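Undergrad: need the 3D shape of this:
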Amino acid sequence: MPVLECVPNVSEGRRPDVVDRLAAACGRPLLDVHTDPDHNRSVFTLASAIDEEVEQSAEQLAEAVAQEADPSWRDGVHPRLGVLDVVPFVALSGTPEARASAVRNALYFAGWLADALDVPTFLYGDADPEERPLPRLRRDAFVRRAPDYGPAEPHPRLGATAVGARPVLVAVNCELDRHDVDLARRIAHDVRERGGGLRGVRALGFELASRRRAQVSLNLTDLETTGLEEACAEVAVLARAEGADLDRIELVGLLPRAVLDDCGPAFRRRARLRDDQTIEARLQSRTLGRKPDA
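TA: Numbers count the residues shown, from 1 in each chain. So this is what the prediction gives:
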């Protein structure tokens, strides 16, 4: 059965009570919430076989975000356009029909957000006629590129939002064993595709002030070419080449079952990956009316 996924990224990760209220606003399609105070970011995973349920959940989340937003959304190490920062729609089956449906949902949501909340929205990925990627959008927004919907300037309280349609990706944070953000940025440069590294890898280096560590944050966009274990192993190799090491691996959100199955037992233990962290397991748990295993 085709399933539509939506993964809104919200610039709020330091007020647990607010994150709880945002999660409650999502309703039944909510499968997971991942929160990071250093990034000041929460990632909500929504999914359903009924497109309208996902659309309604995303709209309810957007309205709740607008109600809860305060100026603190501008703080955090992760780059951001607005408080509702990124809203990608994902066709989990990957068929042409399903991907076309994800594009339609993205276009509808982008127009709705601009009309309902007066927030400028930018399209990216499959939803953008030029198929421009998210990193390019971040560089060009309001500088070399006008919004696709809504006002020409950022909303004074909410900023702007990137809305896209894309294939499945996996996000993972690789924490180094030291507080050296310059090292994390060098590793990010060398591991990402744009820097001559692994195909389908986007990477940024961040400081984790609360942990006094540095982190290499990865988005894996071509999972058939570069898998989760391979990408993390390359970060470890690059770290060891400079006398450091990879101390902790953190999955952001959920991953497809096939990606988990491609990971060896030793890596799964090291990364603390569980069977219930797959999209399929969460969907099944919801269908059966039970909570995922802890």
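Undergrad: buried ones in the lengthiest helix in the chain?
TA: Using DSSP state H to define each element, the chain has its longest helix at helix 96-117. For helix 96-117, a neighbour-count test (16 or more other C-beta atoms under 10 Å) marks 98-99, 101-103, 105-110, 112-114, 117 as buried. Bear in mind the C-beta positions are built from the backbone N, C-alpha and C, glycine included.
Undergrad: can you give the contact residues for that helix?
TA: Under the criterion C-beta atoms under 8 Å, 6 or more residues apart in numbering, residues 2, 4, 6, 51, 54-55, 58-59, 62-63, 66, 84, 87-92, 119-121, 123, 126-127, 147-151, 155, 158, 161, 163-167 lie in contact with helix 96-117.
Undergrad: after that helix, which helix or strand is next?
TA: strand 121-125 (DSSP states H and E).
Undergrad: how close does A209 get to D262?
TA: 34 Å (C-beta to C-beta, to the nearest Å).
Undergrad: just F142 next, same as before
TA: 40 Å.
Undergrad: could you find the closest non-adjacent residue to S93?
TA: Residue nearest to S93 in three dimensions, not counting chain neighbours: P2, with 4.9 Å by C-beta to C-beta, 6 or more residues apart in numbering.
Undergrad: same deal with A236?
TA: L246 is the one closest to A236 (C-beta to C-beta, 6+ apart), at 4.0 Å.
Undergrad: regarding T45, what is its secondary structure?
TA: strand (DSSP: H, G, I helix; E, B strand; the rest coil).
Undergrad: need the contact list for it.
TA: T45 sits in contact with 5, 7, 30-34, 253-254, 279, 282, where contact means C-beta under 8 Å, 6+ apart.
Undergrad: low-scoring stretches of the stretch 1-150 of the chain, by residue?
TA: Along the stretch 1-150 of the chain, the model assigns pLDDT under 70 to residues 1.
Undergrad: what are the ranges of the strands in it?
TA: For the stretch 1-150 of the chain, the strands defined by DSSP state E, counting those that start in this stretch occupy 4-6, 9-10, 30-36, 41-48, 84-91, 121-125.
Undergrad: got these as CSV, with distance to R199 columns?
TA: CSV is the format used below for the strands of the stretch 1-150 of the chain (distance: least, C-beta to C-beta, whole Å):
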stretch, distance to R199
strand 4-6, 23
strand 9-10, 24
strand 30-36, 25
strand 41-48, 24
strand 84-91, 20
strand 121-125, 17
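Undergrad: and A209 and D262? Which one has more around it.
TA: Taking other C-beta atoms under 10 Å, A209 and D262 do not tie; D262 has more neighbours (15 against 12).
Undergrad: re the thing from before, by neighbour count, which of the contacts of T45 wins?
TA: The most crowded member of the contacts of T45, judged by other C-beta under 10 Å, is L254 (28 neighbours).
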